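**Q** can you look at this prediction? I've put the sequence above it.
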Amino acid sequence: MYKILKKQKWSDTIYSNWIEAPFVAKAAQPGQFIILITNQKGERIPLTIADSNAKEGWVQIVYQVVGASTLELSVMNEGDSLYAFVGPLGIPSEVENFGGKVLIIGGGIGIAPIHPIAKKLKELGNYVVSIIGARTKDLIIMEDKMREASNELHIATDDGTYGQKGFVTNIMDDILKKESEAIKDIWAIGPPIMMKMCTRVANEHNKQIWVSLNSIMVDGTGMCGACRVSVGGKTKFACVDGPEFRGNLVNFDEMMLRQKQYCDQEREALMLLEEKIRRQASNG
Amino acid sequence: MAEKLKPAERLKKDRVPMRAQEPEERINNFLEVPFGYSLQEAIEEAQRCLQCKPPYCVAGCPADVRIPEFIEKIIEEDIKGAFLEIKKTNALPAVCGRVCPQEEQCEGACIMNKKGKPIAIGRLERYVADWARELNYSDAKKASVRLNKKVAIVGSGPAGLACASDLAKLGYDVTIYEALHKAGGVLVYGIPEFRLPKAIVDYEVDQIKELGVEINLNYVIGLTKSVDELIQEYDAVFLANGAGAPSFLNIPGENLNGVYSASEFLTRSNLMKAYEFPNYATPIRVGERAVVVGGGNVAMDAVRTAKRLGAKEAIIVYRRSRKEMPARAEEIEHAEEEGIKFELLTNPVKVLGDEYGNVVGIECVRMELGEPDESGRRRPKEIKGSNFVIDADTVIVAIGQSANPIVARSATGVETNKWGYFVADENGKTTHPKVWAGGDIVTGAATVILAVGAGKKAAKSIHETLSRQ
């Protein structure tokens, strides 16, 4: 179970794995996430679903190596099995045919989870305008799949090595200036700071926006409350009440502070693992 | 075979104490606190039993354990026989021997209370169960009868396991669905290692698997598959998913870093083994001063865990007095021995943080007891102007759980009450003819043994219903 069927390296730090998980694939809907554990001693890592195929029984995930657990995942190979893989978790995106245009914004590895939402919205008959962005060209992922899932695709890089130089918010602002009326709804997934900025732009244009919150989680089924976020002044659990919320109501500053909760421990774990991997490499 | 004493001699004997790790030693480790009886100690204690007819103790046991019978076998030094007597009705003896509130159940009903101390039934049950585990003795085998009827059980906690065991023994094909990556429910995520070693839970779960019960881990009913689908695929469904949604205080500052629900804190430590970080990858932070809000068993588990994780000061904050604390007397005593501080008649009003979003303290107010409320306990009232601050690096909220909605929202035709708990009769029957429910998801947060009892009743009722079809 939970075998890595295929693994691709997309940049220095970004990987995609296709995991054998027929029950999850059968139930997965856009906007939902999974939790995986690499090995018996691993932690529960929540990751949004990039793609899934019920018939073939796989789920695709995309991740960036940012700490010990994602590093551990990145050194696993095709044919290896994960210790656990559970889902789909969370409430699916509220997608429908809105009878007009929808704006889709994906930043960095946030492009991966925005992809199934764009794909579904297009299937439902919406005119999908997508913006994807990253720091630099190498970090733009899933461009072809996003092009397929969109009617229009805009690209931004911070350093101008690809597409328009600047942030996704610049393009978003331009589009809303031109056709705010035509845009029926907006989804933005990426780093919290990007979602916060997209929400600011949406607010300036009096638009509602969905964001997907990747809070720290443990069980991911509403049991522990690690993932609590303030939404409209109320405490919500990202795992069962979300992960998508109206960005207009989210307290992003609190959320970003909460994401730093284990900074010190994460650094310690990463250092130890890197040392272990170095040692194994020099012995092997 | 040990001597059977005359009743007068039995009455003269004192309850045999159980040896335990010294407090100053045990606060530095997660090993189990009591060591358990030796054979000699078990026999000595068993010899005190008066073998009442009818036995009061059994009437106090939700799992109907054959207490006088197994105690008699101990005196006969037939521990295997004792084990088989217990296993006739209880699939989780090593667990129950450790975590049941015996003083309210079997031991509370024991006639010896009138003459001194009750028979240590829990310790004897534990002794017998440990004997079997240590010798790897097993009586588990697949039922010889196959009824070709399928039952799905949602949740692998005590209710689900007890129900699964009874149904499997009757010849049903039983499949348990568990959301987490380990079976056992609260026994693995909630109760700490120092009260219930996980190897013991694993062993008793394995015994239930030996009966032919299939356990599907990493499978969230309500998300991976709905209850409605289970109803289609199985002859009966037993919902035993537990309460499992943490309650918070709803006071300012509760989302600061360093504020945990007890469920999160204990899950990190117990299920994810954060106490072995970084060898295990899940982190936990405690700091020097930990405050636990609440007065129940979960609060005691959390505060004692915080102490073991390195808190120099671990403090219970509880709004009523010691007398109203719902925790078992033994848990409170153990906590006191370990140097846990108690701020009683104290209620938190605000969690205080620094500019980085970290907890630095908790503002509290002193309380006094007024008239009794609907629970019969005297209602605590704030003493105006008595606010003060307790410095804290960690605040753990242990004030109870509510119903987790995931399972219920995928169950058409299964009624819930206004708090989201399933409505079920005393046999676990819900408003859907194919669905039973039991344990915390019916009663709200309660004890392991009540969940075991609910699982057994549901198994009996499922069997009666399916036998008529």
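**A** Great, that's in hand.
**Q** how about the nearest residue to residue A:192 once chain neighbours are set aside, secondary structure?
**A** Counting by Cβ to Cβ, 6 or more residues apart in numbering or on different chains, residue A:256 is the residue found nearest to residue A:192 once chain neighbours are left out, at 5.0 Å. Every residue, glycine included, has its C-beta placed from N, CA and C. Under DSSP: H, G, I helix; E, B strand; the rest coil, residue A:256 falls in the helix class.
**Q** pretty sure residue A:256 contacts residue A:191?
**A** No. Checked against Cβ atoms under 8 Å, the pair residue A:256 and residue A:191 is beyond contact range at 9.3 Å.
**Q** lowest-pLDDT helix or strand in chain A?
**A** For chain A, using mean pLDDT, DSSP states H and E, the weakest element among its helices and strands is helix A:263-283, scoring a mean of 88.
**Q** does chain B sit close to that helix?
**A** Yes. Using Cβ under 8 Å from any Cβ of the partner chain, a contact is recorded between helix A:263-283 and chain B, made by A:265, A:266, A:268, A:269, A:272.
**Q** buried residues in that helix, which are they?
**A** Buried residues in helix A:263-283, counted by 16 or more other Cβ atoms under 10 Å in any protein chain shown: A:265, A:266, A:269, A:270, A:273.
**Q** thought the second one was touching residue A:68?
**A** Yes. In this structure, residue A:266 is within contact of residue A:68 by Cβ under 8 Å, at 7.0 Å.
**Q** give me the number of residues near the residue of the stretch 1-150 of chain B found nearest chain A?
**A** Using Cβ to the nearest Cβ, the point where the stretch 1-150 of chain B gets nearest to chain A is residue B:30, with a distance of 15.7 Å. Burial measure for residue B:30: 18 neighbouring residues, criterion other Cβ atoms under 10 Å in any protein chain shown.
**Q** which phi and psi does it have?
**A** Here is the backbone geometry of residue B:30 (degrees, to the nearest 10): phi -110, psi 10.
**Q** which residues touch the nearest residue to it once chain neighbours are set aside?
**A** On the basis of Cβ to Cβ, 6+ apart, the spatially nearest residue to residue B:30 that is not a chain neighbour turns out to be residue B:193, at 4.5 Å. For residue B:193, the contact set (Cβ atoms under 8 Å, 6 or more residues apart in numbering or on different chains) comprises B:30, B:31, B:32, B:270, B:275.
**Q** cool, residue A:36 as well?
**A** Contact partners of residue A:36, counting by Cβ under 8 Å, 6+ apart, are A:2, A:19, A:44, A:45, A:47, A:61, A:73, A:82, A:84, A:85, A:86.
**Q** count of residues packed around the fourth one?
**A** The number of residues packed around residue A:45, counting by other Cβ under 10 Å, is 22.
**Q** what's the distance between residue B:375 and residue A:145?
**A** Taking Cβ to Cβ, to the nearest Å as the measure, residue B:375 falls 58 Å from residue A:145.
**Q** more crowded one of these two?
**A** Remark: of residue B:375 and residue A:145, residue A:145 carries more neighbours, 18 against 9, as counted by other Cβ under 10 Å.
**Q** in terms of helices and strands, where is the more buried one?
**A** Here residue A:145, judged by DSSP states H and E, is contained in helix A:143-149.
**Q** go through that helix and flag the buried ones.
**A** Buried-residue list, helix A:143-149, by 16+ other Cβ under 10 Å: A:145, A:146, A:149.
**Q** pLDDT weak spots in chain A?
**A** Under the criterion of pLDDT under 70, the regions of chain A flagged as low confidence span A:284.
**Q** if we use 80, what do you get?
**A** Across chain A, the stretches falling below the confidence threshold (pLDDT under 80) are A:283-284.
**Q** okay, domains of it per the record?
**A** For chain A, the structural domains run A:4-89, A:93-205, A:213-266, going by automatic domain parsing.
**Q** before we move on, what SS does residue A:51 have?
**A** Using three-state DSSP, the three-state assignment for residue A:51 comes out as strand.
**Q** that one: what's it in contact with?
**A** For residue A:51, the contact set (Cβ under 8 Å, 6+ apart) comprises A:59, A:60, A:115, A:116, A:145.
**Q** dump the residue contacts of the second one.
**A** Residue A:60 sits next to A:16, A:17, A:18, A:19, A:49, A:50, A:51, A:52, A:112 when contact means Cβ under 8 Å, 6+ apart.
**Q** the last one: neighbour count?
**A** Right, the one you point to is residue A:112. Residue A:112 is surrounded by 27 other residues when neighbours are defined as other Cβ under 10 Å.
**Q** tell me the SS of it?
**A** What three-state DSSP gives for residue A:112 is helix.
**Q** you'd agree it is up against residue A:62?
**A** Yes. The criterion here is Cβ under 8 Å, and residue A:112 meets it with residue A:62 at 3.5 Å.
**Q** could you measure from the residue of the stretch 51-200 of chain B found nearest chain A over to residue B:198?
**A** With Cβ to the nearest Cβ, the shortest gap between the stretch 51-200 of chain B and chain A falls at residue B:181, namely 3.9 Å. Using Cβ to Cβ, residue B:181 is found at 13 Å from residue B:198.
**Q** and residue A:160, what is it in contact with?
**A** With the criterion set at Cβ under 8 Å, 6+ apart, residue A:160 makes contact with residue A:166.
**Q** element containing it, please.
**A** Assessed by DSSP H and E, residue A:160 sits outside every helix and strand.
**Q** show me what the lowest-mean-pLDDT helix or strand in chain B is in contact with.
**A** Lowest by mean pLDDT, DSSP H and E among the helices and strands of chain B is helix B:7-12, with a mean of 84. For helix B:7-12, the surrounding residues in contact (Cβ under 8 Å, 6+ apart) are B:47, B:48, B:49, B:50, B:112, B:115, B:116.
**Q** neighbours of residue 100, how many?
**A** Picking chain A for this. By the measure other Cβ under 10 Å, the count of residues near residue A:100 is 13.
**Q** sorry, should have said chain B
**A** Neighbours of residue B:100 (other Cβ under 10 Å): 27.
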